[in-house]
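S.K.: coords please:
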Amino acid sequence: MDLENVKAIATFQLIGGEVYRTNTYLQFGASRESLGAVVMLNPGSSDLQGEARKKLIMNGSHTDETTLDNTMKQLVQFMNSTHSRLEGRLHIYNLFYVRNSANLESIELFELLKATGKYPTITLPSLLEMSQHPWILIGWGIEKRRRWKFYEEEKREWLQLIEDSGIPHFGIQAENNEFYHPCPNGPAKTERLYQLIETFNLKIKPLTIES
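M.R.: Numbering: from 1, shown residues only. As a prediction, the model looks like this:
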């Protein structure tokens, strides 16, 4: 995997004892142009290191280069396989931004923070911001529970925003219009990568012209 030309940048915040990660993107080369966007569940294990982590603890907020977790590495492989020229940014959005690498646990935490009023105000991107992206990959997973009201509300709002933006979008769909995560654990990881590449080349690539 070619990781020499890519780095991850993100803003980390400490709020109420929890770590939040926002404004995340994978930077290929030096251009600020958007190469695309991904909407996933929540931030996972990607973290600040060394002095950058110390600054987060001291100041409560810090923006810097962060480690690439397994999902980010999978996205790099996807981009390398679908783009002949990589110069720009792949933006990473989430349904919610409190960091936790365990899916079920993270959703339960989000529900609790929302119900108790402890989740910070984080708004969806504007239509103007969305318009910079040539395409959007939806991959927030297929977990469902009747009690998860805030989680379902976030999904509805994101789907409406994506529809309103008119931007080409895709994902590997399951039943009930849910979208599989782009980087599952185990042997399915490689299969999912091939599915994403095939779907992108079939649905999205004909709609875009690479410079």
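S.K.: Count residues in the vicinity of residue 43, would you?
M.R.: Residue 43 has 26 neighbours, counted by other Cβ atoms under 10 Å. Any C-beta I mention is one placed from the backbone N, CA and C, and that applies to glycine too.
S.K.: Name the nearest residue to it, ignoring sequence neighbours.
M.R.: residue 21 (3.8 Å; Cβ to Cβ, 6 or more residues apart in numbering).
S.K.: List the contacts of residue 172.
M.R.: 139, 179, 180, 182, 192, 195, 196, 199 (Cβ atoms under 8 Å, 6 or more residues apart in numbering).
S.K.: list the contacts for the residue positioned nearest the centre of the chain?
M.R.: Centroid-nearest residue in the chain: residue 92, 3.5 Å away (criterion: Cα atoms, centre = their mean). By Cβ under 8 Å, 6+ apart, the residues touching residue 92 are 24, 25, 26, 37, 38, 40, 72, 75.
S.K.: repeat that with 7 Å
M.R.: 24, 25, 38, 40 (Cβ atoms under 7 Å, 6 or more residues apart in numbering).
S.K.: again with residue 45
M.R.: By Cβ under 7 Å, 6+ apart, the neighbours of residue 45 are 69, 101.
S.K.: Tell me how far it lies from residue 175.
M.R.: Applying Cβ to Cβ, to the nearest Å, the value for residue 45 to residue 175 is 29 Å.
S.K.: hang on, residue 14 in a strand?
M.R.: Yes: counting by DSSP: H, G, I helix; E, B strand; the rest coil, residue 14 falls inside a strand.
S.K.: Let me know the secondary structure of residue 160.
M.R.: helix.
S.K.: Now for it, how many residues are close by?
M.R.: 11.
S.K.: before we move on, what about residue 193?
M.R.: Residue 193, neighbours per other Cβ under 10 Å, totals 17.
S.K.: any weak-confidence spans in the protein?
M.R.: 1-3, 209-211 (pLDDT under 70).
S.K.: three-state assignment of the residue of the chain positioned farthest from its centre?
M.R.: Distance from the C-alpha centroid of the chain, by Cα atoms, centre = their mean, peaks at residue 58 (26.6 Å). Counting by three-state DSSP, the backbone at residue 58 sits in helix.
S.K.: if we can go back for a sec, just how off-centre is the one helix or strand the residue nearest to residue 43 maps to within its chain?
M.R.: Assessed by DSSP states H and E, residue 21 sits inside strand 18-28. Taking Cα atoms, centre = their mean, to the nearest Å, one finds strand 18-28 lying 8 Å from the centre of the chain it belongs to.
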